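# make a model of this:
(chains A and B)
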Number of protein chains: 2
Amino acid sequence: AIAAPALAQSQPTVNWRLASSFPKSLDVIFGASERLSKRVAELTGGKFNIRPFAAGEIVPALQVVDAVQAGTVEMGHSAGYYYFGKDPAFCFDTAVPFGLTSRQQTSWFEFGGGKELMREFYKEYGIMNFMGGNTGTQMGGWFRKEIKTVKDLEGLKMRISGLAGRVMQRLGVVPQQIGGGDIYPALEKGTIDAAEWVGPYDDEKLGFARVAPFYYAPGWWEASAQLNFMVGIKEWDKLPKEYQNAFEVASHEAHVLMQADFDARNPAALARLLKGGTKLRTFSRDIMEASYKAATEVMEEEAAKNAKFKKIYEPWKQFRQNQNQWYSVSEAPIANFLVSRK
Amino acid sequence: AIAAPALAQSQPTVNWRLASSFPKSLDVIFGASERLSKRVAELTGGKFNIRPFAAGEIVPALQVVDAVQAGTVEMGHSAGYYYFGKDPAFCFDTAVPFGLTSRQQTSWFEFGGGKELMREFYKEYGIMNFMGGNTGTQMGGWFRKEIKTVKDLEGLKMRISGLAGRVMQRLGVVPQQIGGGDIYPALEKGTIDAAEWVGPYDDEKLGFARVAPFYYAPGWWEASAQLNFMVGIKEWDKLPKEYQNAFEVASHEAHVLMQADFDARNPAALARLLKGGTKLRTFSRDIMEASYKAATEVMEEEAAKNAKFKKIYEPWKQFRQNQNQWYSVSEAPIANFLVSRK
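Residues are numbered from 1 along each chain as shown, chains lettered A, B, ... in the order given. Next up is the predicted model:
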């Protein structure tokens, strides 16, 4: 037996507040912070309590990094790429255009050097990051009109931001920053022509199909989108080792179960959307090729002028290449065969 | 704060023995039981100790279910499909031909009804099962000669077992049951013509390339292969709730990290194999189609005569269909595009 001290009786009560970037209505995503909280409490005899607050309750949705950095809250649940404006290198923690799939992202973070690179980067914000779930490949968004060629993108006003917005801009799109609740009226009035959100299960709730019926796939800017638990380093360092262990293992559980939950819910949601009149479309090869070219240019240009971005990008790029070579042998052939038998 | 009692001081010391079906040389797979053991000890102040034993140390590799059922050990780490001979329904916990991918398998188990169905099935063996890692899509094995058409399979002696062996038999193959350590000499002497094992990282260690240079993909009988922690229900029921929580969360962590670890290691292993002279081949469409047809027949026939199999198979089949419809929209298009840019 290990001669460690008993876990809880001698341990302090710790109360943390978790600021989420997500509303409770995104229940699978918000559920990850609830699952983390519940499990950590169970594992510490109720002494380490993490209370999740939905977006806006105590911190605005897109200011989680700021709040954790300032010590307003002990931790957050957010998506690195929301902080693109501070530094595009944040995007590697969530998604970059034509980036890693969900499994590849997890592998990169835990065994491909990603954790070390990202934690070094986050350190200057006083944050230690943990994997906090993944949505899988997102959809390419809702369009009022069909988009068949790159030319059809010219002048299109689309709700899309971050690195993806920059890539879209290169293809002629006019990217718009609009909060989740304002997308529907903007699409309805025609203030914007298109909007991307998440995937069928989350998109369904917002009812976009009624005002922008063309639903495109795949969301090449999010081959997967990883969410992140962001913990203040000062708070982390104060935790007993036992609480750190409880947190880490609970974060891994919340991470894997979010993806599994989305995977179970998305098929039925897509079927309901299609039944309700949504018109499913796939981006043409033409658009995919042009987007890939533009994305590569944007990434390379950023790397050329941003040393922090480059430091992550170069080994990440090698990891992606190795992964895709292996996937072309194993996962892709069987997945494609199975899909052909759907 | 939750008014739960302090975790460890008032709790009993529990010592469990874990019988693994795997040798320590399969370090990623065996590592999952070590990771589980370490984490559970950490989470219980060292009071709940699980000691993993490699295959053969206290229980023969393929008798883990028997040992847990008999109470010889409190738990095991094995693969359900090793117990095909007892009942082919065990296979759903690991892999059936043309079955679920790694992510789909996790989703099915946790959110698709799989856990409930499988635990009901395992109950008559006195076992409660937990997810215990996944290898991802396996390779199609090592062949002494090239296999171009279904005709080339005729009379081929191949080391393959379980449901896959039954499917192969229908294609003219003569399935052979051979332990891991005996495969190399059998291939070298020509006693067998082909053998399937796992994937590049594990296969590399056995040196098959020297005696059977044609390395086929994909292993359609294992679109993914989930490993399983098998716990004696009597022992589980004796655990304090806190130890059950610690076990469950640690099993989820070990589960997700095994797949991530394999994903990180396989690409380099494949590259080394190819550099060393391995000849990579893909099963022809002809072979894939014939295998799928034979696999479907075998599964349907089993369902027709085995009510326990049928009870799992029918909802599983619906889950697979829903998943593949969704994958055809989202995951497959982006993965294929990325792979084309490898």
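
# and the helix or strand containing A:Val40, what other elements does it pack with?
With elements taken from DSSP states H and E, the one containing A:Val40 is helix A:27-43. Counting contacts by 3 or more C-beta pairs under 8 Å, 6 or more residues apart in numbering or on different chains; DSSP states H and E, helix A:27-43 packs against strand A:14-20, strand A:48-53, strand A:75-78, strand A:127-134, helix A:200-206, strand A:226-232, helix A:241-275, helix B:241-275. From N, CA and C alone the C-beta is placed, and that goes for glycine too.

# tabulate the ones you listed (TSV), appending mean pLDDT.
Formatted as TSV, the helices and strands packed on helix A:27-43 follow (pLDDT from 0 to 100):
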stretch	mean pLDDT
strand A:14-20	98
strand A:48-53	98
strand A:75-78	98
strand A:127-134	98
helix A:200-206	94
strand A:226-232	98
helix A:241-275	97
helix B:241-275	97
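
# for A:Gln321, find the nearest of those.
Closest approach to A:Gln321 among the helices and strands packed on helix A:27-43 (C-beta to C-beta): helix B:241-275, 8.8 Å.

# so what touches the helix or strand that comes right after the closest one?
The helix or strand immediately downstream of helix B:241-275 is strand B:279-282, counting by DSSP H and E. Contacts to strand B:279-282, defined as C-beta atoms under 8 Å, 6 or more residues apart in numbering or on different chains, come from residues A:329, A:333, B:143, B:146-147, B:213-218, B:270, B:274.

# stretch A:101-116 too?
With C-beta under 8 Å, 6+ apart as the test, stretch A:101-116 has contacts from A:92, A:95, A:99-100, A:118, A:131, A:134-137, A:223-224, A:226, A:255, A:259, A:315-316, A:319-320, A:323, A:327, B:102-103, B:136, B:256-257, B:259-261, B:263-265, B:331, B:334-335, B:338.

# and it, how far out from the chain's middle?
When distances are taken as C-alpha atoms, centre = their mean, to the nearest Å, stretch A:101-116 is centred 14 Å away from the chain's centroid.

# now it: buried residues?
Across stretch A:101-116, burial judged by 16 or more other C-beta atoms under 10 Å in any protein chain shown covers A:101-115.

# try stretch A:51-69
Buried residues in stretch A:51-69, counted by 16+ other C-beta under 10 Å: A:52-55, A:59, A:61-69.

# is it anywhere near chain B?
No. Residues of stretch A:51-69 are not located near chain B by C-beta under 8 Å from any C-beta of the partner chain, the shortest gap being 10.7 Å.

# any idea how far apart the tips of that stretch sit?
This stretch, stretch A:51-69, spans 18 Å end to end (C-alpha to C-alpha, to the nearest Å).

# which residues of the stretch 101-250 of chain A fall in strands?
Using DSSP state E, counting those that start in this stretch, the strands assigned to the stretch 101-250 of chain A run over residues A:127-134, A:141-143, A:157-159, A:174-176, A:194-195, A:214-217, A:226-232.

# hmm, back to that, if any of the contacts of stretch A:101-116 are buried, give me the ChimeraX selection for them.
In ChimeraX, this line selects whichever of the contacts of stretch A:101-116 come out buried by 16+ other C-beta under 10 Å:
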select /A:92,95,99,100,118,131,134,135,136,137,223,224,226,255,259,316,319,320,323,327 /B:102,103,136,256,257,259,260,261,263,264,265,331,334,335,338
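
# tell me which of the buried residues of stretch A:51-69 is nearest to B:Ala32?
A:Pro52 (29.7 Å).

# any idea what that closest one is bridged to?
On the basis of DSSP bridges, A:Pro52 is bridged to A:Leu18.

# distance check, it against A:Glu34.
Applying C-beta to C-beta, to the nearest Å, the value for A:Pro52 to A:Glu34 is 6 Å.

# any idea how far A:Ile233 is from A:Gly133?
A:Ile233 sits at a distance of 22 Å from A:Gly133 (criterion: C-beta to C-beta).

# of those two, which one has the most company?
Using other C-beta atoms under 10 Å in any protein chain shown as the criterion, A:Ile233 and A:Gly133 rank with A:Gly133 on top: 29 against 16.

# against A:Gly114, how distant is the residue nearest to that one when sequence neighbours are not counted?
In space, and not counting its chain neighbours, A:Gly133 is closest to A:Met258: 3.0 Å by C-beta to C-beta, 6 or more residues apart in numbering or on different chains. For A:Met258, the distance to A:Gly114 equals 18 Å [C-beta to C-beta].

# what's near enough to touch A:Met131?
Contact analysis of A:Met131 by C-beta under 8 Å, 6+ apart lists A:Thr106, A:Phe109, A:Glu110, A:Gln226, A:Leu227, A:Asn228, A:Phe229, A:Ser251, A:His252, A:His255.

# ok, 10 Å please
When the contact criterion is C-beta atoms under 10 Å, 6 or more residues apart in numbering or on different chains, the partners of A:Met131 are A:32, A:93, A:105-106, A:109-110, A:114-115, A:118, A:226-229, A:251-252, A:254-256, A:258, B:256, B:260.

# ok, now A:Tyr83?
By C-beta under 10 Å, 6+ apart, the residues touching A:Tyr83 are A:62-66, A:89-91, A:93-94, A:122, A:125, A:162, A:230.

# out of those, which is nearest to A:Ala79?
The shortest approach to A:Ala79 among the contacts of A:Tyr83 belongs to A:Thr94, at 4.5 Å (C-beta to C-beta).

# can you pull the contacts of the nearest residue to A:Ser330 once chain neighbours are set aside?
Distances taken as C-beta to C-beta, 6+ apart place B:Thr137 nearest to A:Ser330, at 4.2 Å, with adjacent residues excluded. The contact partners of B:Thr137, by C-beta under 10 Å, 6+ apart, come to A:326-327, A:329-335, B:95, B:101-102, B:199, B:217-220, B:222-225, B:266.

# return the subset of these lying in helices.
Per DSSP state H, helices hold the following members of those: A:Trp326, A:Tyr327, A:Val329, A:Glu331, A:Ala332, A:Pro333, A:Ile334, A:Ala335, B:Ser102, B:Asn266.

# roughly how far apart are the fifth one and chain B?
What that stands for is A:Ala332. Counting by C-beta to the nearest C-beta, to the nearest Å, the gap from A:Ala332 to chain B is 5 Å.

# burial count for the closest residue to that residue other than its chain neighbours?
Of all residues not flanking A:Ala332 in the chain, B:Val339 sits nearest, at 5.0 Å (C-beta to C-beta, 6+ apart). For B:Val339, the neighbour count with other C-beta under 10 Å is 19.

# on that earlier part again, make JSON lines out of the strands of the stretch 101-250 of chain A and add distance to A:Ala307.
Converted to JSON lines, the strands of the stretch 101-250 of chain A look like this (distance: least, C-beta to C-beta, whole Å):
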{"stretch": "strand A:127-134", "distance to A:Ala307": "20"}
{"stretch": "strand A:141-143", "distance to A:Ala307": "33"}
{"stretch": "strand A:157-159", "distance to A:Ala307": "31"}
{"stretch": "strand A:174-176", "distance to A:Ala307": "26"}
{"stretch": "strand A:194-195", "distance to A:Ala307": "34"}
{"stretch": "strand A:214-217", "distance to A:Ala307": "35"}
{"stretch": "strand A:226-232", "distance to A:Ala307": "22"}
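
# thanks again, I'm all set now.
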